[in-house]
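Q: Give me a model of this one.
(one chain, ligands or ions: 1)
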Amino acid sequence: MLLVAGRARTQSFHTHCSSTSALSSRHPPSPLCSVWPQVPVQLSFRRGTLTPTPLYPANRSPATMAELQEVQITEEKPLLPGQTPEAAKEAELAARILLDQGQTHSVETPYGSVTFTVYGTPKPKRPAILTYHDVGLNYKSCFQPLFQFGDMQEIIQNFVRVHVDAPGMEEGAPVFPVGYQYPSLDQLADMIPCILQYLNFSSVIGVGVGAGAYVLSRFALTHPDTVEGLVLINIDPNAKGWMDWAAHKLTGLTSSIPEMILGHLFSQEELSGNSELIQKYRNIITHAPNLDNIELYWNSYNNRRDLNLERGGDVTLKCPVMLVVGDQAPHEDAVVECNSKLDPTQTSFLKMADSGGQPQLTQPGKLTEAFKYFLQGMGYMASSCMTRLSRSRTASLTSAASMDGNRSRSRTLSQGSESGTLPSGTPGHTMEVSC
Ligand code: BEZ
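A: Okay, here's the model as predicted:
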């Protein structure tokens, strides 16, 4: 039985940012140093039990049994100093399992505390993948189907992943007190450096959906050297105009907050179809114990400033960007407009058929494949690292994609519902992703 420690209290580690950590616990407060490789648990064996003990400072009491969470373990032999190589290997494997199951941390920032969960271990010379979810969701409900998709494992095993929960959206988050000033989307972006500083990560590839895509874009605009690439699903870079506000107010007269959020996440066709997926997400949002917090994030999203993106202008995303939208998604026009404002030599546009409003939930296979090409275009994930199946699929695309030269050329990934071939290269040529 592997026992994983639960809570402790927050410890300040920086003038502006302070931190807490635990393994997937609600308010994971065991203190952690600011440098990643110093793993926050110490593995020791007790009668066949591998027990990671939190590295508490001397003035902290150790976790009680009630605070320990049980995790499977098969080890029978005790691990002692002078252990055999086999035992050391097994301990290493156990430590890896521990890190792969996600470790939740919190840091204090000038705009309040933010919680994030880290999967995997940092890889030398590789950015972390950092995700930011949309309104009404958290990192799990937004990204789990994508990151746990079978083919995705081959990709993500090469990267450490940091999944941010917007404040108050983490599982078990308490409801903010009445009058709590929720951060604006720009302030949410300003919290990210505290997370990266805590983990000692210097660069990221961002994956964001809706409000999360906006937050990551804002972060990329203010920290261009930190963001190597962006996958932006359903981004709307514009502030609401007065017409949008009027429509929003009118809808608010007849619809509840959960219904408005569902209308933001899914297409009308999906909502009226009321599939199992819609029932599941309607249920999650309608009965969310932190619905008041969700409303605050929703308000921040609706009050967002214009990103003021301008093709060729000063305000533009400098890194490779993959824009993704479902072909009947509520934000299709906004994403198309966003595409027109970005540097075409750095931007791929993936319009996904049959995916509705949340392609990462409904089409994780197609998105995984597109993500793989995106990473390969950035120079990661050489096809030689991949399985034979992946290699053969990739080769058919990369050979055509490279027709117009290097990776910085214009790309449009138009994903059709039928498997396709590669049309020959006109400017901004189309690749059809076959999955
Ligand atoms: C990950 O491996 O990155 C992951 C696992 C579970 C949920 C979300 C992400």
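
Q: how many neighbours does residue 82 have?
A: 5 (other Cβ atoms under 10 Å). (C-beta placed from N, C-alpha, C; glycine too.)

Q: That one belongs to a helix?
A: No - under DSSP: H, G, I helix; E, B strand; the rest coil, residue 82 sits outside any helix and is assigned coil.

Q: Check the gap between it and residue 236 for me.
A: Relative to residue 236, residue 82 is positioned 60 Å away (criterion: Cβ to Cβ, to the nearest Å).

Q: Then residue 255?
A: Taking Cβ to Cβ as the measure, residue 255 falls 19 Å from residue 236.

Q: Also residue 372?
A: 26 Å.

Q: what sits against residue 334?
A: For residue 334, the residues meeting the contact criterion (Cβ atoms under 8 Å, 6 or more residues apart in numbering) are 234, 235, 236, 237, 238.

Q: Can I get the helix or strand hosting it as CSV, trimmed to CA atoms?
A: Of the helices and strands defined by DSSP states H and E, residue 334 is found in helix 332-341. Extracted as CSV, the C-alpha positions of helix 332-341 are listed here (Å, rounded to 0.1, in the frame of the first residue of the first chain):
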residue,chain,number,x,y,z
GLU,A,332,-16.3,29.7,-35.2
ASP,A,333,-16.4,33.2,-36.5
ALA,A,334,-14.2,34.5,-33.7
VAL,A,335,-11.5,31.9,-34.4
VAL,A,336,-11.7,32.7,-38.2
GLU,A,337,-11.2,36.4,-37.4
CYS,A,338,-8.4,35.6,-35.0
ASN,A,339,-6.7,33.6,-37.8
SER,A,340,-6.9,36.7,-40.0
LYS,A,341,-5.0,38.7,-37.4
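
Q: Which positions within it qualify as buried?
A: Across helix 332-341, burial judged by 16 or more other Cβ atoms under 10 Å covers 332, 334, 335, 338, 339, 341.

Q: from the contacts of residue 334, which is closest to residue 300?
A: Set against residue 300, the nearest of the contacts of residue 334 by Cβ to Cβ is residue 236 (13.5 Å).

Q: my guess is that closest one is in a helix, correct?
A: No - following the definition three-state DSSP, residue 236 is coil and is not counted among the residues of a helix.

Q: Which residues of this protein lie near the ligand?
A: Counting by Cβ under 6 Å from any ligand atom, the chain comes close to the ligand at 119, 140, 143, 144, 147, 148, 156, 161, 163.

Q: For the third one, give me its contacts.
A: What it means is residue 143. Contact partners of residue 143, counting by Cβ under 8 Å, 6+ apart, are 131, 133, 163, 207, 360.

Q: Let's see if you can find the most crowded of those.
A: The member of the contacts of residue 143 that has the most neighbours, counting by other Cβ under 10 Å, is residue 207 with 30 neighbours.

Q: With just CA atoms, put the helix or strand containing it into CSV.
A: With elements delineated by DSSP H and E, residue 207 resides in strand 204-209, which encompasses its position. As requested, the backbone C-alpha atoms of strand 204-209 are provided in CSV (Å, rounded to 0.1, in the frame of the first residue of the first chain):
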residue,chain,number,x,y,z
VAL,A,204,6.0,26.3,-22.1
ILE,A,205,3.7,25.2,-25.0
GLY,A,206,0.3,26.4,-24.0
VAL,A,207,-2.9,24.5,-24.7
GLY,A,208,-6.0,26.6,-23.8
VAL,A,209,-9.7,26.4,-24.5
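
Q: Which strands or helices does the next helix or strand after that strand pack on?
A: Towards the C-terminus, the helix or strand next in line after strand 204-209, according to DSSP H and E, is helix 211-222. In terms of contacts (3 or more Cβ pairs under 8 Å, 6 or more residues apart in numbering; DSSP states H and E), helix 211-222 is packed against strand 128-132, helix 185-199, strand 204-209, strand 227-233, helix 291-302.

Q: can you rerun that using 7 Å?
A: Counting by 3 or more Cβ pairs under 7 Å, 6 or more residues apart in numbering; DSSP states H and E, the packing neighbours recorded for helix 211-222 are strand 128-132, helix 185-199, strand 204-209, strand 227-233.

Q: For the ligand, what's the nearest residue on the stretch 301-435 of the chain?
A: With Cβ to the nearest ligand atom as the measure, residue 360 is the residue of the stretch 301-435 of the chain nearest to the ligand, at 10.6 Å.

Q: residues touching that residue, list them.
A: For residue 360, the set of contacting residues under the criterion of Cβ atoms under 7 Å, 6 or more residues apart in numbering consists of 143, 145, 146, 209, 233, 367.

Q: tell me the contacts of the fifth one?
A: The contact partners of residue 233, taken as Cβ under 7 Å, 6+ apart, are 208, 209, 213, 324, 359, 360.

Q: From residue 283, how far off is residue 319?
A: Taking Cβ to Cβ as the criterion, residue 319 is separated from residue 283 by 37 Å.

Q: who has more neighbours, the two?
A: Taking other Cβ under 10 Å, residue 319 and residue 283 do not tie; residue 319 has more neighbours (20 against 11).

Q: Let me see the contact set for that one.
A: Contacts here follow Cβ under 7 Å, 6+ apart; on that basis residue 319 touches 220, 227, 228, 229, 230, 346.

Q: Which residues does the fourth one form beta bridges with?
A: Looking back up the chat, that one is residue 229. Listed beta-bridge partners, residue 229: residue 205 (assigned using DSSP bridges).

Q: Verify the contact between it and residue 378 for me.
A: Yes - using Cβ atoms under 7 Å, residue 229 makes contact with residue 378 at a distance of 5.3 Å.

Q: Have a look at the two and say which one is more surrounded.
A: Taking residue 229 and residue 378 together and counting by other Cβ under 10 Å, residue 229 has the greater number of neighbours (23 against 16).

Q: pLDDT score for that one?
A: According to the per-residue confidence, residue 229 scores 98 in pLDDT.
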